[in-house]
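K.L.:
pasting a predicted model and its sequence here:
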Amino acid sequence: MKKNTFIGIAVTISLLSLVWIFITPILLPTDSSMVEAAAPHKGFYAPAFTLETIQGETLKLSDYNGSPVLVFLWASWCSVCKRAMPGLQTVYNDYAKDGFELLAVNLTYQDTLSTAETYFVSQGYTYPMLLDRDGSLAQEYRVHALPTSVLIAPNGKITDVVIGSGMNEGFLRARLNDLLNSEGQE
Amino acid sequence: MFPVIDLGPFAIQAPGLILILSLWIGIWTMGKFSDALGTNGEAIENSILMGILVGIVSARIGFLLQNPAVFLENPLSLFSLTPSMMNTSFGLLAGLLSTFIYAQKKHLPLWPTLDTAAPLFIQIFIGWHLANFASGNAYGLPTELPWGVDLWNATRHPVQLYTLILTLCLCIWVMVHTKGLKTSGFLRSGLLFQWLLIGLALITLTTQVFVQEKTLIAGIDLLQTVSFLILLGNFALIYQRRYTSRKRISVFISLGSNAEPTKNLSDAISALKNSYKVRGQSSIVRSQDVTQDTNALLFYNQVIEIETNETYPHLLEGLKSIEYDFGREQGNKQHVPLDLDILTYDEDVFTYNEKRIPHPNLIRYHYIIQPLAEISPYFRHPATGKSIQEIISQTKGDQPNLVKVKR
C-alpha cells in the first residue's frame, strides 16, 4: 500500500468512526422504559411470583421489596442443590437480621413432594420452602439446570443469576455485603 | 439457546464450554501458524497457558482480598472449585503480567510473537461473543426490524450475530492475506497483528451501538471510546513503523563461494563496501556443501553484518546484481563464484517471493552459525528469540567439518 493511500484510508476510517460514535446515539436512543421490564436476567426487575409454602402460607416476591432476596431453585434429587443448602442456612442465620430473605423454591412438578419435604424438615432449615407445583415459576425464570440461584437487590433488580454450585457461602456473603453496604450509602 | 451439559456434579454451561473450546481451537491454530512463521510456538503457548492459570488463581485471591471477611469466615473457600468468587479485572491483570514476564524471560520477540498469536486473538473474540450469545449477555436494543430476536421480554437486535458476521469477514481477510496462515503477509513483523486489532476495534465500535447495556462516560460509550483509541493508536504506529523511512538497518549476510573462493570472497566484501557500511566480518570457514556429494568442490563461507537504509526488495536486488557481476549462474551448483544470502533483515520475520527471513539455514548449518557467533556473540534469532549458543546446541549433528581458513 502506498503511503498516501494508507493515510487516506486511516483518516477516512477514523473520521467515519467518530461520526458513527456521535450520530448513532441520536438515531438509536436507549429506551429506558425497556430496562424497567421484568426478565430473569441480570439488570432486569425480577419477575413477580406468588407461591405457597409447605405450611400452606402464601408468599409474594413483592412482599420483600426493600430487602435483598435469594431465590434458590432446587429439587430433592439434585445433589449439588443439597450440598449448597447448609451453607446458605449459615448465611441466612447471619444476615436475616439485616432483612435478607432466602426463598428455597422446590420444583415440585419435577419432584416428589413428600421426599422433598421430609428432607427439608429433617435438615432443620429455617428459611421458607416454596412449592412450584405447576412449573410456572421455572418457566418464568427460564430454569434449565439445578440449582439456579437468583439474587435480587433491595430495589427489586436481579444482580446475579448463578447456575450450579457457584452460589456458595462465600460468594453469597460477599454479594450481600456489597448489596447492604451500597443500600446504606444511597 | 441456553443449553447446559451435565457432567456428574458439574453443570457445565454452554458459555463456559464455548470459551474453553474457542481457546483450544485458537491455541491449536496458533501452533500451526507458529510453525509457518518459524516462531517459538512452544514458548508462546506456555506463556499463554501460564497466564490463564495465574489469571484464574489470582482472580480468586483478588476476590478474597476484596472480601477479607468471607475468607476469615470460611478459609477453605480459597480452594472452592466453583467459577464464582472471582475478581475478573484482578485476574486479567495478573494473567497478562505473568504472560509478559514469561515472554520476557524466554526472550520472545514482541512483534513476531503478537503476529503468531493473531489467530488466537480472533478465536477468543469470536468465543467471547458466542458465549454472550448463549448466555444472553450483552443483549441488543429493542427493534422492529424483521430479523429481531425475542430475548428478555422484547424483540431485540441480534447484536452478537452482527459482530460474528463482521468478524467472519475479518477472518476471511486474514486467511486470504496470510495465504491460509502460511506467512504474515507483511514485510514488517507486527503489522498483521496491528491490522487485526484495527479490525476488531472497528467491529466493536460499530456493533456496540446496538447493545442495550452501556457504560457511559460523558455520554459516550466506554467500549467505543477504547476501541476508537486503539484504532487511532494503531494507525499512528503503523504509519511510524511502516511508512517512515528506517535508518541504519542491521542485516546479516552469508557469503559462499567454491570457485577461487578466497579471492572472490574478499572481492565481494570490497564490492559490498561500495554500497553499504560493513559493520563486521567473520573469519572464512571451509566446508563441503552438505547438499553435495563428497567429490564436490570445497565451499568457503563467511558471514558479515552490514548497515543499510534500503528496503528488503531493494537490498535483495542489489545483492543479486553483485552475484551476477561475479559470474553466478542460476542453478549451477558445481561452480558458484559467489552466493549471497540475506540471513536476517532488522528484527523482522516475513516471507518475500517464497524466501523466508530469517533464512531457514540460520538454524541449520554450522558454516553459517559459527561465523555469525564469531561476529555477534549476543545474537538472538529474530523469530524465536533464541541465543546463538542455543541455536548451536540445537542444530542437528552430521555437520561437515569446518576449518577456519583465515581471519
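P.N.:
Yes, it's here.

K.L.:
contact partners of stretch B:109-124?
P.N.:
B:22-23, B:25-27, B:29-30, B:33-34, B:37, B:39-41, B:44, B:48, B:103, B:167, B:170-171, B:174, B:181, B:184, B:188-193, B:196-197, B:200, B:347-349, B:380, B:382-385 (Cβ atoms under 8 Å, 6 or more residues apart in numbering or on different chains). Bear in mind the C-beta positions are built from the backbone N, C-alpha and C, glycine included.

K.L.:
can you give me the end-to-end span of that stretch?
P.N.:
Length of stretch B:109-124, first residue to last, Cα to Cα, to the nearest Å: 22 Å.

K.L.:
kindly report the same for stretch A:92-112.
P.N.:
26 Å.

K.L.:
and that stretch, anywhere near chain B?
P.N.:
No: applying Cβ under 8 Å from any Cβ of the partner chain, one finds stretch A:92-112 separated from chain B by no less than 8.6 Å.

K.L.:
now do that stretch: distance to the chain's middle.
P.N.:
Here stretch A:92-112 is found 13 Å from its chain centre; the criterion is Cα atoms, centre = their mean, to the nearest Å.

K.L.:
return the set of buried residues in the longest strand seen in chain B.
P.N.:
Counting by DSSP state E, the longest strand found in chain B is strand B:298-308. By neighbour count, with 16 or more other Cβ atoms under 10 Å in any protein chain shown as the criterion, the buried positions of strand B:298-308 are B:299-306, B:308.

K.L.:
and the next element down the chain from the lowest-mean-pLDDT helix or strand in chain A?
P.N.:
Ranked by mean pLDDT, DSSP states H and E, the weakest helix or strand in chain A is helix A:32-35, scoring a mean of 54. Going down the chain from helix A:32-35, the next helix or strand is strand A:50-53, by DSSP states H and E.

K.L.:
about what we covered before: could you work out the most separated pair of the buried residues of strand B:298-308?
P.N.:
Greatest spatial distance among the buried residues of strand B:298-308 (Cβ to Cβ): B:Phe299 and B:Thr308, at 25.7 Å.

K.L.:
returning to that earlier point: for the longest strand of chain B, packing partners?
P.N.:
strand B:249-257, helix B:261-275, strand B:277-281, strand B:284-288, helix B:366-375 (3 or more Cβ pairs under 8 Å, 6 or more residues apart in numbering or on different chains; DSSP states H and E).

K.L.:
quick one, helices of chain B?
P.N.:
B:14-37, B:41-66, B:68-73, B:88-105, B:110-116, B:118-135, B:159-177, B:191-207, B:222-238, B:261-275, B:312-325, B:366-375, B:388-394 (DSSP state H).

K.L.:
low pLDDT regions in chain A?
P.N.:
A:30-36, A:183-186 (pLDDT under 70).

K.L.:
if you could redo that for the stretch 1-150 of chain B, that was the one I meant.
P.N.:
In the stretch 1-150 of chain B, residues with pLDDT under 70: B:1-12.

K.L.:
from chain A, how far off is B:Asn332?
P.N.:
38 Å (Cβ to the nearest Cβ, to the nearest Å).

K.L.:
what's the answer for B:Leu17, then?
P.N.:
In terms of Cβ to the nearest Cβ, B:Leu17 sits 13 Å off from chain A.

K.L.:
tell me, how many residues neighbour that residue?
P.N.:
By other Cβ atoms under 10 Å in any protein chain shown, 15 other residues sit near B:Leu17.

K.L.:
reformat the helices and strands packed on strand B:298-308 as a markdown table; add mean neighbour count and mean pLDDT.
P.N.:
Shown next, in a markdown table, are the helices and strands packed on strand B:298-308 (neighbours: other Cβ atoms under 10 Å in any protein chain shown; pLDDT from 0 to 100):
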| stretch | mean neighbour count | mean pLDDT |
| --- | --- | --- |
| strand B:249-257 | 22 | 95 |
| helix B:261-275 | 16 | 93 |
| strand B:277-281 | 15 | 94 |
| strand B:284-288 | 20 | 82 |
| helix B:366-375 | 22 | 94 |
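
K.L.:
so who does the nearest residue to B:Pro360 once chain neighbours are set aside touch?
P.N.:
Closest residue to B:Pro360 apart from its sequence neighbours, by Cβ to Cβ, 6 or more residues apart in numbering or on different chains: B:Gly38 at 7.3 Å. Contact partners of B:Gly38, counting by Cβ under 8 Å, 6+ apart, are B:349, B:356, B:358, B:360, B:383-384.

K.L.:
and for B:Lys404?
P.N.:
Taking Cβ under 8 Å, 6+ apart, we find B:Lys404 in contact with B:283-286.

K.L.:
the same query, at a cut-off of 6 Å, please.
P.N.:
When contacts are counted by Cβ atoms under 6 Å, 6 or more residues apart in numbering or on different chains, B:Lys404 touches B:283, B:285.

K.L.:
how about the helices in chain A?
P.N.:
A:3-27, A:32-35, A:79-95, A:113-122, A:136-140, A:169-185.

K.L.:
can you give me the angle the third one makes with helix A:113-122?
P.N.:
What it means is helix A:79-95. Relative orientation of helix A:79-95 versus helix A:113-122 (axes from the mean of the first three to the mean of the last three Cα atoms, to 10 degrees): 40 degrees.

K.L.:
can you name every helix or strand that helix A:79-95 contacts?
P.N.:
helix A:169-185 (3 or more Cβ pairs under 6 Å, 6 or more residues apart in numbering or on different chains; DSSP states H and E).

K.L.:
which strands and helices lie in contact with the helix it packs on?
P.N.:
Short answer (3+ Cβ pairs under 6 Å, 6+ apart): helix A:169-185 packs on helix A:79-95, helix B:68-73.

K.L.:
list the contacts of the first one.
P.N.:
If I follow you right, that is helix A:79-95. A:74, A:102, A:125, A:127, A:146-147, A:165, A:168-169, A:172-173, A:176, B:9.

K.L.:
just to revisit the earlier point, nearest to chain A, out of the helices and strands packed on strand B:298-308?
P.N.:
Nearest to chain A, of all the helices and strands packed on strand B:298-308, is strand B:249-257, at 18.3 Å by Cβ to the nearest Cβ.

K.L.:
let's see the closest one as PDB, backbone CA atoms only.
P.N.:
Extracted in PDB, the C-alpha atoms of strand B:249-257 (Å, rounded to 0.1, in the frame of the first residue of the first chain):
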ATOM      1  CA  ILE B 249      19.000  -1.300   9.500                       C
ATOM      2  CA  SER B 250      21.300  -4.100  10.500                       C
ATOM      3  CA  VAL B 251      21.400  -7.000   8.000                       C
ATOM      4  CA  PHE B 252      23.400 -10.200   8.300                       C
ATOM      5  CA  ILE B 253      24.500 -11.700   5.100                       C
ATOM      6  CA  SER B 254      26.100 -15.100   4.400                       C
ATOM      7  CA  LEU B 255      28.700 -15.300   1.700                       C
ATOM      8  CA  GLY B 256      29.700 -18.500   0.000                       C
ATOM      9  CA  SER B 257      32.000 -19.500  -2.900                       C
END
